[in-house]
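Trainee: Here's my sequence, what's the structure:
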Amino acid sequence: MLNLLYVILCGIALPVGGVQMQYMWRNQLGDIYSLGLGSAACLGAATATMTGWCSLTVGAFICQAICTLIVGIVTLKISTSRLITFGIIFGTFIGSLGTIVVTNAPTGDLLKQYYLWGAANFNLEGVTTLDIIVSLALFAGGIITALAAAGPLTRHFKEEIELSNLAKSGILCMISLLVTSVVSICGTVGFVSLAIPNLSRVISKSKDIRTHYLLSSAMGIALLLITYVVVTYCNFGVYLPVSATMSLIALPLVIFLFTRK
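Mentor: Reported below is the predicted structural model:
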(Lines give C-alpha, C1' and ligand atoms only; values in the text may rest on other atoms or scores of the structure.)
Protein backbone atom coordinates (compact mmCIF):
# COMPACT_ATOMS: atom_id res chain seq x y z
CA MET A 1 0.00 0.00 0.00
CA LEU A 2 2.88 2.40 0.69
CA ASN A 3 4.05 1.90 -2.87
CA LEU A 4 0.71 3.06 -4.23
CA LEU A 5 0.64 5.93 -1.76
CA TYR A 6 3.91 7.27 -3.14
CA VAL A 7 2.76 6.78 -6.71
CA ILE A 8 -0.13 9.13 -5.86
CA LEU A 9 2.02 11.57 -3.88
CA CYS A 10 4.54 11.81 -6.74
CA GLY A 11 1.66 12.33 -9.18
CA ILE A 12 0.54 15.34 -7.13
CA ALA A 13 3.75 16.85 -5.75
CA LEU A 14 5.86 16.99 -8.89
CA PRO A 15 3.27 18.47 -11.31
CA VAL A 16 2.08 20.99 -8.69
CA GLY A 17 5.68 22.05 -8.08
CA GLY A 18 6.23 22.32 -11.83
CA VAL A 19 3.12 24.47 -12.29
CA GLN A 20 4.29 26.82 -9.55
CA MET A 21 7.72 27.19 -11.17
CA GLN A 22 6.18 27.96 -14.56
CA TYR A 23 3.84 30.55 -13.10
CA MET A 24 6.56 32.17 -11.02
CA TRP A 25 8.97 32.36 -13.97
CA ARG A 26 6.20 33.05 -16.52
CA ASN A 27 8.00 30.47 -18.62
CA GLN A 28 6.76 27.09 -19.88
CA LEU A 29 10.27 25.67 -19.40
CA GLY A 30 10.09 26.22 -15.65
CA ASP A 31 10.79 22.94 -13.86
CA ILE A 32 11.34 21.85 -10.28
CA TYR A 33 14.77 20.51 -11.21
CA SER A 34 15.89 23.72 -12.96
CA LEU A 35 17.57 25.07 -9.81
CA GLY A 36 19.66 22.01 -9.13
CA LEU A 37 17.25 20.31 -6.71
CA GLY A 38 17.45 17.01 -8.56
CA SER A 39 21.24 17.15 -8.69
CA ALA A 40 21.32 18.00 -4.98
CA ALA A 41 19.17 14.99 -4.12
CA CYS A 42 21.45 12.75 -6.18
CA LEU A 43 24.57 14.18 -4.54
CA GLY A 44 23.16 13.60 -1.05
CA ALA A 45 21.96 10.11 -1.90
CA ALA A 46 25.30 9.22 -3.51
CA THR A 47 27.30 10.51 -0.55
CA ALA A 48 25.12 8.63 1.93
CA THR A 49 25.28 5.43 -0.09
CA MET A 50 29.04 5.46 -0.65
CA THR A 51 30.03 6.48 2.88
CA GLY A 52 27.24 4.91 4.93
CA TRP A 53 27.04 7.99 7.20
CA CYS A 54 23.24 8.02 7.00
CA SER A 55 20.39 6.47 5.04
CA LEU A 56 20.00 7.27 1.36
CA THR A 57 16.72 9.11 2.05
CA VAL A 58 18.22 11.29 4.80
CA GLY A 59 21.23 12.12 2.63
CA ALA A 60 19.02 13.26 -0.24
CA PHE A 61 16.90 15.37 2.12
CA ILE A 62 19.86 17.09 3.82
CA CYS A 63 21.60 17.98 0.58
CA GLN A 64 18.39 19.30 -0.96
CA ALA A 65 17.76 21.43 2.13
CA ILE A 66 21.25 22.97 1.94
CA CYS A 67 20.96 23.71 -1.78
CA THR A 68 17.47 25.16 -1.31
CA LEU A 69 18.84 27.53 1.32
CA ILE A 70 21.58 28.66 -1.08
CA VAL A 71 19.13 29.19 -3.94
CA GLY A 72 16.73 31.00 -1.58
CA ILE A 73 19.46 33.45 -0.58
CA VAL A 74 20.47 34.00 -4.21
CA THR A 75 16.82 34.62 -5.14
CA LEU A 76 16.79 37.61 -2.79
CA LYS A 77 19.60 39.22 -4.75
CA ILE A 78 18.92 38.65 -8.47
CA SER A 79 16.12 38.86 -11.02
CA THR A 80 14.05 35.89 -12.13
CA SER A 81 15.63 35.74 -15.59
CA ARG A 82 19.11 35.63 -14.09
CA LEU A 83 17.95 33.07 -11.53
CA ILE A 84 17.17 30.62 -14.34
CA THR A 85 20.73 30.94 -15.65
CA PHE A 86 22.13 30.60 -12.14
CA GLY A 87 20.02 27.50 -11.54
CA ILE A 88 21.39 25.78 -14.64
CA ILE A 89 24.99 26.60 -13.69
CA PHE A 90 24.43 25.66 -10.05
CA GLY A 91 22.77 22.38 -11.00
CA THR A 92 25.70 21.52 -13.29
CA PHE A 93 28.15 22.22 -10.45
CA ILE A 94 26.23 20.02 -8.00
CA GLY A 95 25.92 17.31 -10.63
CA SER A 96 29.70 17.37 -11.14
CA LEU A 97 30.23 16.79 -7.43
CA GLY A 98 27.83 13.87 -7.58
CA THR A 99 29.73 12.39 -10.52
CA ILE A 100 32.98 12.52 -8.53
CA VAL A 101 31.35 10.72 -5.61
CA VAL A 102 29.73 8.04 -7.77
CA THR A 103 32.81 7.29 -9.88
CA ASN A 104 34.72 6.61 -6.66
CA ALA A 105 32.21 4.07 -5.37
CA PRO A 106 34.02 1.53 -3.15
CA THR A 107 31.98 -1.45 -4.43
CA GLY A 108 29.83 -2.32 -7.40
CA ASP A 109 26.90 -3.19 -5.13
CA LEU A 110 26.80 0.34 -3.69
CA LEU A 111 26.98 1.80 -7.18
CA LYS A 112 24.05 -0.36 -8.27
CA GLN A 113 22.04 0.61 -5.18
CA TYR A 114 22.54 4.29 -5.91
CA TYR A 115 21.79 3.92 -9.61
CA LEU A 116 18.52 2.09 -8.99
CA TRP A 117 17.42 4.88 -6.66
CA GLY A 118 18.50 7.59 -9.10
CA ALA A 119 16.59 5.95 -11.94
CA ALA A 120 13.46 6.25 -9.73
CA ASN A 121 11.36 3.45 -8.29
CA PHE A 122 8.54 2.87 -5.83
CA ASN A 123 10.14 -0.09 -4.04
CA LEU A 124 10.87 1.95 -0.88
CA GLU A 125 13.92 -0.16 -0.09
CA GLY A 126 15.65 0.90 3.13
CA VAL A 127 12.97 3.51 3.89
CA THR A 128 12.18 3.75 7.61
CA THR A 129 9.00 4.73 9.44
CA LEU A 130 10.63 8.03 10.40
CA ASP A 131 11.44 8.70 6.73
CA ILE A 132 7.77 8.21 5.87
CA ILE A 133 6.56 10.50 8.68
CA VAL A 134 8.94 13.30 7.70
CA SER A 135 8.03 12.84 4.04
CA LEU A 136 4.29 13.14 4.70
CA ALA A 137 4.84 16.23 6.86
CA LEU A 138 6.85 17.89 4.09
CA PHE A 139 4.20 16.98 1.53
CA ALA A 140 1.41 18.46 3.65
CA GLY A 141 3.37 21.67 4.22
CA GLY A 142 4.16 22.00 0.52
CA ILE A 143 0.55 21.49 -0.58
CA ILE A 144 -0.84 23.92 2.01
CA THR A 145 1.65 26.56 0.88
CA ALA A 146 0.85 25.92 -2.78
CA LEU A 147 -2.84 26.54 -2.11
CA ALA A 148 -2.06 29.65 -0.06
CA ALA A 149 0.14 31.06 -2.86
CA ALA A 150 -2.37 30.29 -5.63
CA GLY A 151 -3.90 33.76 -5.75
CA PRO A 152 -0.63 35.77 -5.83
CA LEU A 153 0.96 33.36 -8.33
CA THR A 154 -2.02 33.63 -10.69
CA ARG A 155 -1.94 37.43 -10.54
CA HIS A 156 1.84 37.39 -11.02
CA PHE A 157 1.49 35.13 -14.06
CA LYS A 158 -1.12 37.50 -15.54
CA GLU A 159 1.34 40.36 -14.90
CA GLU A 160 -1.19 42.12 -12.68
CA ILE A 161 1.45 42.21 -9.92
CA GLU A 162 5.14 41.48 -9.57
CA LEU A 163 6.08 39.18 -6.73
CA SER A 164 8.90 40.46 -4.55
CA ASN A 165 12.16 38.55 -4.39
CA LEU A 166 11.36 37.68 -0.79
CA ALA A 167 8.03 36.13 -1.84
CA LYS A 168 9.72 34.22 -4.67
CA SER A 169 12.37 32.93 -2.28
CA GLY A 170 9.72 31.72 0.15
CA ILE A 171 7.73 29.99 -2.60
CA LEU A 172 10.88 28.32 -3.91
CA CYS A 173 11.64 26.95 -0.45
CA MET A 174 8.12 25.55 -0.15
CA ILE A 175 8.33 24.01 -3.63
CA SER A 176 11.55 22.37 -2.50
CA LEU A 177 9.78 20.86 0.52
CA LEU A 178 7.10 19.46 -1.76
CA VAL A 179 9.67 17.98 -4.13
CA THR A 180 11.85 16.64 -1.31
CA SER A 181 8.87 14.83 0.21
CA VAL A 182 8.76 12.39 -2.71
CA VAL A 183 12.19 12.59 -4.38
CA SER A 184 14.05 11.63 -1.20
CA ILE A 185 11.94 8.47 -1.00
CA CYS A 186 11.47 7.45 -4.64
CA GLY A 187 14.43 9.02 -6.46
CA THR A 188 14.42 11.72 -9.12
CA VAL A 189 11.21 11.03 -11.01
CA GLY A 190 11.61 13.10 -14.17
CA PHE A 191 9.34 14.13 -17.05
CA VAL A 192 6.13 14.48 -15.06
CA SER A 193 7.14 17.80 -13.44
CA LEU A 194 7.79 19.52 -16.79
CA ALA A 195 5.60 17.77 -19.34
CA ILE A 196 2.40 17.42 -17.31
CA PRO A 197 2.05 21.14 -16.40
CA ASN A 198 2.56 22.00 -20.07
CA LEU A 199 -0.01 19.42 -21.15
CA SER A 200 -2.41 20.86 -18.59
CA ARG A 201 -2.01 24.31 -20.10
CA VAL A 202 -2.54 22.91 -23.61
CA ILE A 203 -5.77 21.21 -22.55
CA SER A 204 -7.14 24.07 -20.44
CA LYS A 205 -6.63 27.71 -21.37
CA SER A 206 -7.55 28.88 -17.86
CA LYS A 207 -4.91 31.05 -16.22
CA ASP A 208 -6.08 30.24 -12.69
CA ILE A 209 -3.27 28.15 -11.23
CA ARG A 210 -5.73 26.17 -9.10
CA THR A 211 -7.26 24.73 -12.28
CA HIS A 212 -3.84 23.46 -13.28
CA TYR A 213 -3.14 22.13 -9.79
CA LEU A 214 -6.19 19.87 -10.17
CA LEU A 215 -5.76 18.96 -13.82
CA SER A 216 -2.02 18.30 -13.67
CA SER A 217 -2.40 16.28 -10.46
CA ALA A 218 -5.07 14.09 -12.08
CA MET A 219 -2.91 13.59 -15.15
CA GLY A 220 0.22 12.98 -13.07
CA ILE A 221 -1.46 10.34 -10.91
CA ALA A 222 -2.96 8.60 -13.95
CA LEU A 223 0.37 8.53 -15.82
CA LEU A 224 2.32 7.27 -12.81
CA LEU A 225 -0.28 4.60 -12.03
CA ILE A 226 -0.04 3.30 -15.59
CA THR A 227 3.76 3.40 -15.35
CA TYR A 228 3.68 1.58 -12.02
CA VAL A 229 1.54 -1.22 -13.46
CA VAL A 230 3.85 -1.57 -16.47
CA VAL A 231 7.13 -1.67 -14.49
CA THR A 232 5.64 -4.04 -11.89
CA TYR A 233 3.55 -6.47 -13.92
CA CYS A 234 4.40 -6.01 -17.62
CA ASN A 235 8.19 -5.84 -17.56
CA PHE A 236 8.83 -9.18 -19.34
CA GLY A 237 11.60 -9.95 -16.86
CA VAL A 238 13.51 -6.71 -17.56
CA TYR A 239 14.07 -4.03 -14.92
CA LEU A 240 12.29 -0.87 -16.06
CA PRO A 241 13.15 2.43 -14.31
CA VAL A 242 10.09 4.56 -13.60
CA SER A 243 11.24 7.80 -15.29
CA ALA A 244 12.43 6.14 -18.50
CA THR A 245 9.32 3.97 -18.79
CA MET A 246 6.99 6.89 -18.12
CA SER A 247 8.64 8.98 -20.84
CA LEU A 248 8.17 6.16 -23.37
CA ILE A 249 4.52 5.76 -22.42
CA ALA A 250 3.69 9.46 -22.47
CA LEU A 251 5.64 10.59 -25.55
CA PRO A 252 2.89 9.73 -28.08
CA LEU A 253 0.37 11.72 -26.02
CA VAL A 254 2.75 14.68 -25.80
CA ILE A 255 3.34 14.66 -29.56
CA PHE A 256 -0.40 14.46 -30.26
CA LEU A 257 -1.40 17.29 -27.93
CA PHE A 258 1.43 19.64 -28.90
CA THR A 259 0.96 19.18 -32.65
CA ARG A 260 -2.84 19.31 -32.87
CA LYS A 261 -4.34 22.41 -34.44
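
Trainee: neighbours around residue 198, how many?
Mentor: 21 (other C-beta atoms under 10 Å). Heads up, the C-betas are built off the backbone N, CA and C, glycines and all.

Trainee: does it really touch residue 28, like I thought?
Mentor: Yes: look at residue 198 against residue 28 with C-beta atoms under 8 Å: they come within range, at 5.6 Å.

Trainee: shared neighbours, these two?
Mentor: residue 22 (C-beta atoms under 8 Å, 6 or more residues apart in numbering).

Trainee: could you pull out the helices for the stretch 151-261 of the chain?
Mentor: Applying DSSP state H, counting those that start in this stretch to the stretch 151-261 of the chain gives helices spanning 165-186, 192-203, 209-233, 242-259.

Trainee: buried set for the longest one?
Mentor: Using 16 or more other C-beta atoms under 10 Å as the test for burial, helix 209-233 gives 209, 211-213, 215-217, 219-221, 223-224, 227-228, 230-231.

Trainee: got it, and the last one?
Mentor: Counting neighbours by 16+ other C-beta under 10 Å, one finds that the buried residues in helix 242-259 are 242, 243, 245, 246, 247, 250, 254.

Trainee: Now tabulate those residues in CSV and tack on pLDDT and distance to residue 20.
Mentor: Shown next, in CSV, are these (pLDDT from 0 to 100; distance: C-beta to C-beta, whole Å):
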residue, pLDDT, distance to residue 20
242, 85, 22
243, 81, 21
245, 86, 26
246, 86, 21
247, 83, 22
250, 82, 21
254, 74, 21
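
Trainee: Let me have these in TSV, adding distance to residue 93 as columns.
Mentor: Formatted as TSV, those follow (distance: C-beta to C-beta, whole Å):
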residue	distance to residue 93
242	26
243	22
245	30
246	27
247	26
250	30
254	30
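
Trainee: Okay, now the unreliable bits of this protein?
Mentor: 257, 261 (pLDDT under 70).

Trainee: one more time with 90, if that's ok
Mentor: Scanning the chain for pLDDT under 90 picks out 1-3, 24-92, 94-95, 97-135, 138, 163-181, 183-195, 198-199, 201-205, 231-261.

Trainee: rewinding a little: as TSV, the helices of the stretch 151-261 of the chain with distance to residue 53 would be great.
Mentor: Shown next, in TSV, are the helices of the stretch 151-261 of the chain (distance: least, C-beta to C-beta, whole Å):
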stretch	distance to residue 53
helix 165-186	16
helix 192-203	29
helix 209-233	30
helix 242-259	27
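
Trainee: between those helices, which gets nearest to residue 157?
Mentor: When the helices of the stretch 151-261 of the chain are compared by C-beta to C-beta, helix 209-233 sits nearest residue 157, at 6.9 Å.

Trainee: tell me which strands and helices the closest one is in contact with?
Mentor: Judged by 3 or more C-beta pairs under 8 Å, 6 or more residues apart in numbering; DSSP states H and E, helix 209-233 is in contact with helix 2-25, helix 129-148, helix 150-157, helix 192-203, helix 242-259.

Trainee: Kindly calculate the angle that it makes with helix 165-186.
Mentor: Per axes from the mean of the first three to the mean of the last three C-alpha atoms, to 10 degrees, the angle that helix 209-233 makes with helix 165-186 is 20 degrees.
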